[in-house]
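Peer 1: Here's a sequence, model it:
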Amino acid sequence: MQADNEDTLKAHLKTLHRSLNENGGQVDEELQMLLRQLDGDINRLLERRAEEDLDANTYGLASRSQEITAKFAAKHPTLEPALRQLGNILANMGI
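Peer 2: Predicted coordinates:
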């Protein structure tokens, strides 16, 4: 089950990256920076979980994703659903 969730998460991150590239001129630098940080943190966490079988409940990435979503929902309404879904996927994984 964990592998399925991780595959879903990785696929969603790719979709989000594609959406960001398509909206590149509309997405401000602050959102790009926050999303790059979140993406890097997610990837590092997935690597650590695979290597060390860590329990990732303490990382709060789902909460950070939701905060980014709320902060930028008005500025970037086309990206808001993808960001919200990312937070939901992370929450369902217990991250």
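Peer 1: Skip ahead from the longest helix seen in the chain and say which helix or strand is next.
Peer 2: The longest helix of the chain (DSSP state H) is helix 29-52. Helices and strands here follow DSSP states H and E; after helix 29-52, the next one along the chain is helix 61-72.
Peer 1: I figured Asn5 was touching Ala91, is that so?
Peer 2: No: under the criterion of Cβ atoms under 8 Å, Asn5 is not in contact with Ala91, lying 10.8 Å apart. Backbone N, C-alpha and C define where each C-beta goes, glycine included.
Peer 1: In contact with the most centrally placed residue in the chain, which residues?
Peer 2: Centroid-nearest residue in the chain: Leu86, 4.8 Å away (criterion: Cα atoms, centre = their mean). Contact analysis of Leu86 by Cβ atoms under 8 Å, 6 or more residues apart in numbering lists 9, 12-13, 16, 65, 69.
Peer 1: Equivalent analysis for Ile89, please.
Peer 2: Ile89 neighbours (Cβ under 8 Å, 6+ apart): 5, 8-9, 12.
Peer 1: Quick check: buried residues in the strand or helix carrying the residue nearest to the centre of the chain?
Peer 2: Assigned by DSSP H and E, Leu86 belongs to helix 80-92. Buried residues in helix 80-92, counting neighbours by 16 or more other Cβ atoms under 10 Å, are found at 80, 82-87, 89-90.
Peer 1: Ok, stretch 14-30 next?
Peer 2: 16, 19-20, 27.
Peer 1: Show only the entries of those found in helices.
Peer 2: 16, 19-20.
Peer 1: for stretch 12-26, what is the average pLDDT?
Peer 2: Mean pLDDT, computed over stretch 12-26, is 76.
Peer 1: Determine how far that stretch lies from the middle of the whole chain.
Peer 2: Centroid displacement of stretch 12-26 relative to its chain, using Cα atoms, centre = their mean, to the nearest Å, is 12 Å.
Peer 1: which residues sit against it?
Peer 2: 27, 32, 35, 39, 42, 76, 78-79, 82-83, 85-86, 89.
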